[in-house]
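the following block contains a protein sequence and its predicted model.
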Amino acid sequence: MAEATLRDWIEGRLRAELAPAHLDVIDESHLHAGHSGARPGGETHYRLDVVAAAFEGKSRVERHRLVNGLLDEAFKRGLHALALRARAPSETA
């Protein structure tokens, strides 16, 4: 069986840990070709849009720290940059 892509790993990790109501994991590596951290094959720059109850009552910084902590292994696997929109369900109406 082929190794899962970094995108698949990120999505699986966030779904398992946050049970999000909404999750978009977008590989934007192609937009950063030639920039710092970019490498052939991509999987270095991602944009996340996450809606999860786990963010309720947390500040923006706390939300980012939570997600970055969950994705520590992804950074070790080559993730260079992460653009993150993290919202609680009460903020999506």
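Sure thing, it's come through.

what ranges does this structure have for its helices?
6-18, 60-70, 72-76 (DSSP state H).

pull the CA atoms of the first one into CSV?
Right, helix 6-18. Below are the C-alpha coordinates for helix 6-18, written out as CSV (Å, rounded to 0.1, in the frame of the first residue of the first chain):
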residue,chain,number,x,y,z
LEU,A,6,1.1,14.6,3.8
ARG,A,7,-2.3,16.2,3.0
ASP,A,8,-4.1,12.9,3.8
TRP,A,9,-2.1,12.6,7.1
ILE,A,10,-3.0,16.2,8.1
GLU,A,11,-6.6,15.6,7.3
GLY,A,12,-6.7,12.3,9.2
ARG,A,13,-5.0,13.7,12.3
LEU,A,14,-7.3,16.7,12.5
ARG,A,15,-10.4,14.6,12.0
ALA,A,16,-9.3,12.2,14.7
GLU,A,17,-8.3,14.8,17.2
LEU,A,18,-10.8,17.6,16.6
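
picking up where we left off before, can I get the helices of the chain in a markdown table including mean pLDDT?
Below are the helices of the chain laid out as a markdown table (pLDDT from 0 to 100):
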| stretch | mean pLDDT |
| --- | --- |
| helix 6-18 | 96 |
| helix 60-70 | 97 |
| helix 72-76 | 92 |
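
quick one: contacts for the most centrally placed residue in the chain?
Geometric centre of the chain, nearest residue: residue 48, 4.6 Å, by C-alpha atoms, centre = their mean. The contact partners of residue 48, taken as C-beta atoms under 8 Å, 6 or more residues apart in numbering, are 10, 14, 23-26, 67, 82-86. The way it works is simple: take the backbone N, C-alpha and C, and place the C-beta from them, glycine included.

residue 60: how many residues sit nearby?
By the criterion of other C-beta atoms under 10 Å, residue 60 has 12 neighbours.

returning to what we had before: any of the contacts of residue 48 buried? List them.
Among the contacts of residue 48, those buried by neighbour count (16 or more other C-beta atoms under 10 Å) are 10, 14, 23, 25, 67, 82, 86.

circling back to that earlier point, model confidence for the residue nearest to the centre of the chain, exactly?
pLDDT, residue 48: 97.

residue 44 contacts residue 74, doesn't it?
No: contact criterion C-beta atoms under 8 Å: residue 44 and residue 74 do not qualify, at 10.3 Å.
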